[in-house]
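>>> sequence first, then the predicted structure:
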Amino acid sequence: MPSNTLRLLCALALTSWASASPAALPRQLTYRDSGNYQFNPTSRNLAVYYGKAQNTDSPSLYDLCTNSNVDMIVMGFVRQLNGPTALPSFGFTRYCKTPATVTDKTRVSCPDMAANITFCQSMGKKVLISLGGSVSNLTLDSVSDAHEAASILWNVFGAGANSTALRPFGNVAIDGFDFDFESGADTTYMDTLASSLQSYFRSSSPERYISAAPLCANNTILPYGLYANANFVWPRFYNAKACCFGSKGFNKSVSTWYNYLNSINSDLGPTYPRVY
């Protein structure tokens, strides 16, 4: 498990989760020439979360992707799966449209977001969708449920062959999935879900990724097998007094996470998971 310099500082992580504002980026980051930019999954990368914000205006995906310091944008959140014949419930519907002739509110179209995702990808940036969030209903009751969930996510948001009526971004496919579950969430079989998604990833190109955002104080909220299928792990060093950046327990928590992830026998090879 290679180590990267920790770049999601406590205040940055909180701001990114809430508003994904480029203005919140640390001052020590230097400008990069985006004209020659190519994403390198084994390099030092900066990920920001993007989604609904209660108290601030969110920039567009376009704005984020023109920021030369941003490497990955994680859109939040998919909160519930509604079976193979309806769209999952997700938190970025404010940027989408519901067809007037469709009564099922889970079936929406997001052409503007699709165009922005395409632009981001043309700039070399990676766009992931996060599962979970502070409130979600993504409980999986069996291995079979996990495989079905992977199929739904792949066909709705990935490079699957689902009907475009059930694809909010049309033919545009995102670059992977993030696992972000709060304390108390049931994450049983999430390792099977991650493994199944990686199987889909291997069947297509370009390369796609899985990330995980566990609580810094608890490395057991996500099952071991999920970390074995994760490309990136960014513990949330915020909203936790025991391990928040700047607290007495921060350095110990970083060491604990490094040692734990270093012990992971990754299914993706020796370069993963990478910790941020």
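Received the coordinates, thanks. Bear in mind the structure is a predicted one, so any value in this text is a computation, not a measurement.
>>> all strands in the stretch 101-250 of the chain, in order from the N-terminus.
For the stretch 101-250 of the chain, the strands defined by DSSP state E, counting those that start in this stretch cover 126-133, 176-181, 209-212, 232-233.
>>> can you list the strands that the second one pairs with?
Spelled out, it's strand 176-181. Applying DSSP bridges, strand 176-181 is found paired with strand 126-133 (parallel), strand 209-212 (parallel).
>>> can you list those strands in a markdown table and add mean neighbour count, mean pLDDT and distance to F245?
(C-beta placed from N, C-alpha, C; glycine too.) Shown next, in a markdown table, are those (neighbours: other Cβ atoms under 10 Å; pLDDT from 0 to 100; distance: least, Cβ to Cβ, whole Å):
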| stretch | mean neighbour count | mean pLDDT | distance to F245 |
| --- | --- | --- | --- |
| strand 126-133 | 24 | 96 | 21 |
| strand 209-212 | 24 | 98 | 19 |
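>>> looking at the ones you listed, which is nearest to S68?
Comparing these against S68 with Cβ to Cβ, the closest turns out to be strand 126-133 (14.8 Å).
>>> and the contacts of the closest one?
Strand 126-133 has contacts (Cβ atoms under 8 Å, 6 or more residues apart in numbering) with 39, 49, 61, 71-79, 90-91, 117, 120-121, 138, 153, 157, 174-182, 185, 209, 211, 213.
>>> narrow the residues you listed to those in helices?
Among the contacts of strand 126-133, the ones falling in helices (DSSP state H) are 61, 117, 120-121, 153, 157.
>>> out of those, which one sits closest to N219?
Nearest to N219 among these, with distances taken as Cβ to Cβ, is L153, at 24.1 Å.
>>> what's the pLDDT at that closest one?
L153 carries a pLDDT score of 96 in this model.
>>> give me the low-pLDDT residue ranges for the stretch 101-250 of the chain?
Across the stretch 101-250 of the chain, residues meeting the criterion (pLDDT under 70) sit at 101-107, 163-164.
>>> let's have the strands paired with strand 176-181 in JSON lines, adding distance to C110.
Below are the strands paired with strand 176-181 laid out as JSON lines (distance: least, Cβ to Cβ, whole Å):
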{"stretch": "strand 126-133", "distance to C110": "12"}
{"stretch": "strand 209-212", "distance to C110": "21"}
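>>> T192 is nearest to which of these?
Proximity to T192 (Cβ to Cβ) singles out strand 209-212 among these, at 12.7 Å.
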